[in-house]
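Enquirer: the sequence and its predicted three-dimensional model are supplied below.
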Amino acid sequence: MQLDLESLSEATSGAIGSLVSTTVLYPLDTCKTKYQAEVQAQHQRKYKRISDVLWEAISTRQVLSLYQGLGTKNVQSFISSFIYFYGYSYFRKMYLKKTGNKSIGTTANLIVATAAGVCTIVITQPLDTASSRMQTSEFGKSKGLWKTLSEGTWSEAYDGLGISILLTTNPSIQYTAYDQLKQRILKGKISNRTGTKSSPEALSAFYAFMLGAVSKCAATILTYPAIRCKVMIQAAESEDDKSTEAERKAQRTISGALYTIWKREGILGFFKGLQAQILKTVLSSALLLMVKEKIAKSTWILMLVIGRYLSVNSPKLKAV
């Protein structure tokens, strides 16, 4: 049995970074999600601007409801990031080992990132669906994780799976751009240690934040129409929605969501909430990567200690 300590270190630091960014920015995420989930003509909208969601929470004394679903979202974010970063690091190392190359090209990087993303989505989709429904529920009326999932079938827990898989191109674009920019910045840096394992080079907090922001902004703009459709598909049923049962069922499909947006809001509806999405995702991604880079060396040292301990106590375990 082999322990891939570098991949494990990447996964752990990435998951911790995701946990921090999700918690800090959750109220903004709730406002954004509820704003995106509403699909109505301009004169019929409950929320004219994303700030209307915040004012509703304040006026109804439901400010804490901006955190509804936080626990589920944190679990989903932690597991997703751990699986994604482990898979990305593992597949990337496997590719380099098989090809004998010292660096990975853009095309190969996209394929590796997409493969890691698909593995992540298939495992965590029910949690993603539940957290979206909890966020888009009426303030003060959100249900717990188990009740949210048990009310429907397992197939409903996987609502939006197809579009979620399509959206693996988002982190693929983001992390490919980030990784390529990072390699250019770190190019020429050689560890002073020789003959022993040393921790991977890390960016400064400022560079990690800036590269994270730039890469995520590009990925978000390119994939936003699909992001809006996903929110619609996974959203909880609204009391203000006058749609028939057949229409609501149709909206749970990609084609139905696209048609509903086109019919009610026109072409600009596909980009409704783009500014809020960019603000939230860019800040979230930049914060995640900043935290990840800052704790990467500490995590590597911890994993190295654990690996050595396991190697001493169990000769069958070999750290790589």
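Expert: Nice, I can see it. The shown structure was predicted, so the numbers you read here are calculated from the model rather than taken from an experiment.
Enquirer: secondary structure class for the residue positioned nearest the centre of the chain?
Expert: Centroid-nearest residue in the chain: Ser77, 6.6 Å away (criterion: Cα atoms, centre = their mean). At Ser77 the chain is in helix, as set by DSSP: H, G, I helix; E, B strand; the rest coil.
Enquirer: list the buried ones in stretch 144-155?
Expert: Across stretch 144-155, burial judged by 16 or more other Cβ atoms under 10 Å covers Leu145, Thr148, Leu149. For every residue, glycine as well, the C-beta is placed using N, CA and C.
Enquirer: please flag which of those residues sit within strands.
Expert: Counting by DSSP state E, those place none of their members in strands.
Enquirer: now distance to Ala116 and pLDDT too, for the residues you listed, in JSON lines please.
Expert: Supplementary listing: the buried residues of stretch 144-155 in JSON lines, determined by distance: Cβ to Cβ, whole Å; pLDDT from 0 to 100:
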{"residue": "Leu145", "distance to Ala116": "25", "pLDDT": "78"}
{"residue": "Thr148", "distance to Ala116": "27", "pLDDT": "74"}
{"residue": "Leu149", "distance to Ala116": "25", "pLDDT": "70"}
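Enquirer: which intervals of the stretch 201-320 of the chain have sub-threshold pLDDT?
Expert: Regions of the stretch 201-320 of the chain meeting the criterion pLDDT under 70 cover residues 201-202, 238-248, 250, 307, 309-320.
Enquirer: do I have it right that Tyr224 meets Gln277?
Expert: Yes - the criterion here is Cβ atoms under 8 Å, and Tyr224 meets it with Gln277 at 6.2 Å.
Enquirer: list the contacts of stretch 75-83.
Expert: By Cβ atoms under 8 Å, 6 or more residues apart in numbering, the residues outside stretch 75-83 that reach it are 11-12, 14-19, 22, 116, 119-120, 123-124, 127-128, 130-131, 288.
Enquirer: with stretch 167-185 instead?
Expert: In contact with stretch 167-185 (Cβ under 8 Å, 6+ apart) are residues 84, 88, 103-104, 106, 109-110, 113-114, 117-118, 120-121, 203, 207, 211-212, 214-216, 218-220, 222-223, 226-227, 230, 285, 289.
Enquirer: let's see that with 7 Å instead.
Expert: For stretch 167-185, the surrounding residues in contact (Cβ atoms under 7 Å, 6 or more residues apart in numbering) are 84, 88, 103, 106, 109-110, 113-114, 117-118, 121, 203, 207, 211-212, 215-216, 218-219, 222-223, 226-227, 230, 285, 289.
Enquirer: out of these, which are buried?
Expert: So, by 16+ other Cβ under 10 Å, the buried ones in these are 84, 88, 109-110, 113-114, 117, 121, 203, 207, 211-212, 215-216, 219, 223, 226-227, 230, 285, 289.
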